[in-house]
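K.L.:
my questions concern the predicted model and sequence given below.
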Amino acid sequence: MNYTNTITWAYFCFALLLSQIPAFIQAQPRLAIVNPDKRGYFVKGEIVTLHLSIFRGEQAYMTGIQINGKRLKSYQVNFPVKKYTHIQKVDQIGNIDIPIVVHYFYKGTLRTFNRIYPVKVVRQDSHTIRKLYFYHTHMRPAYKNVQGNPIKVNFRGDTQNFDIHQNAGTLYFTPKKITKSTLEVFYQGKKIDRLRFDTQPFPRPKVEPVVHGRQSSRINTNRPLPSVTYVGLKLEQSYFWLGLLSLKKVRYIIKSYEVLHYRNSQLIKTKQINRFVFKMNRHFECTKGDVITLRARKAVRVVNDQIQLPLDTKGMEFSYTVR
């Protein structure tokens, strides 16, 4: 009897373990590189788009790509929507294996994805084969009719936010910008589905106060306000390794503030400041117990000291009490 109970308990534990495996697998992100072009070979001068997809990775970000040990140049700075390009040099025809390494992070943990991408060179003069373009994309199974055959559908809604490619068995949705989008799916004039996309934005920078115009200093709330000459806010990368993996030099700048002065819980003065840091006691006369709030109104992400991308300033503020 005890032996039978032991066997029964073992079967129960094994069945319980099997039931948990799908849930565990679904919780993990999975990367895939897919070429929508089914010809399977490369010809000189042609271009191919490779779709890099992160499945089940709602908190996953692609950070960099390497081919043959060389980091690819990125032509887009929106995150995680990135466009990379690579031109493969060859000196003979035949099969070639291209090692591809993708760096990404999932829920704050840095990960690496390795893939050997096979190509075939079929021309004697193929010294340069196709350019490889990588996009972050959403992949979905193609819609099918009652016979089980793929059908071509039409989309309405936020179509301007996507490049849509319909393959025989797969739909590819490549976002052009970081936004929440909705697409309605129609077949022969009849609505058959509705798709919603929520591409995660670049992690918001951390907000820290500065004093005396030196970014390494912090506001000392134990000091009286007159000793605080210059104040402001600074923005830094949320994850230090993003700066190491980024293909671009990126920094953050706050261009304007709204400064609010409270006394006895009453707002007595507001002022717009259009500088990175400013002299506090030039604009406000404060006494002990007053509360000062610095609220960013305009901020940008500067790429390679040239391109300026606007940032959402919601939550970029800091308050302190004069003591």
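P.N.:
Arrived safely. Residues are numbered from 1 along each chain as shown.

K.L.:
contacts and neighbour counts: CA atoms only from here.
P.N.:
Will do.

K.L.:
the bottom helix or strand of the protein by mean pLDDT?
P.N.:
helix 2-26 (a mean of 43; mean pLDDT, DSSP states H and E).

K.L.:
show the contacting residues for Arg235.
P.N.:
You called it Arg, but residue 235 is Leu. Pro205, Lys206, Val207, Glu208, Tyr252, Ile253, Ile254 (CA atoms under 8 Å, 6 or more residues apart in numbering).

K.L.:
how is this protein carved up into domains?
P.N.:
In the assignment given by automatic domain parsing, the structural domains of the chain cover 30-136, 139-198, 206-321.

K.L.:
lowest mean pLDDT across the ones you listed, which one is that?
P.N.:
When these are compared on average pLDDT, domain 30-136 comes out lowest at a mean of 66.

K.L.:
count of neighbours near Gln266?
P.N.:
By other CA atoms under 10 Å, 10 other residues sit near Gln266.

K.L.:
so what's Leu260 closest to, chain neighbours aside?
P.N.:
Thr270 (4.6 Å; CA to CA, 6 or more residues apart in numbering).

K.L.:
number of residues surrounding that neighbour?
P.N.:
Once other CA under 10 Å is used to define contacts, Thr270 is seen to have 15 neighbours.

K.L.:
closest one of the contacts of Leu235 to Leu72?
P.N.:
Sorting the contacts of Leu235 by distance to Leu72 puts Tyr252 at the head of the list, at 23.7 Å, by CA to CA.

K.L.:
elements contacting the host helix or strand of the closest one?
P.N.:
Per DSSP states H and E: Tyr252 is located in strand 250-263. Contact partners of strand 250-263 among helices and strands, from 3 or more CA pairs under 8 Å, 6 or more residues apart in numbering; DSSP states H and E: strand 230-236, strand 266-273, strand 291-303.

K.L.:
run a quick neighbour tally on Met280.
P.N.:
Using other CA under 10 Å as the criterion, Met280 is surrounded by 21 other residues.

K.L.:
I meant Lys120, not that one.
P.N.:
Using other CA under 10 Å as the criterion, Lys120 is surrounded by 15 other residues.

K.L.:
ok, Asn68 next?
P.N.:
Asn68 has 12 neighbouring residues, counting by other CA under 10 Å.

K.L.:
now Pro141
P.N.:
A total of 13 residues lie near Pro141 under the criterion other CA under 10 Å.

K.L.:
just Asp91 next, same as before
P.N.:
The local packing of Asp91 (other CA under 10 Å) involves 11 other residues.

K.L.:
helix, strand, or coil at it?
P.N.:
Secondary structure state of Asp91, per DSSP: H, G, I helix; E, B strand; the rest coil, is coil.

K.L.:
what residues are bridge-paired with Thr293?
P.N.:
Using DSSP bridges, the bridge partners assigned to Thr293 are Leu260, Ser319.

K.L.:
residues contacting it?
P.N.:
Residues in contact with Thr293 (CA under 8 Å, 6+ apart) are Val259, Leu260, His261, Glu317, Phe318, Ser319, Tyr320.

K.L.:
let's see 6 Å
P.N.:
Remark: with contacts taken as CA atoms under 6 Å, 6 or more residues apart in numbering, Thr293 is in contact with Val259, Leu260, Phe318, Ser319.
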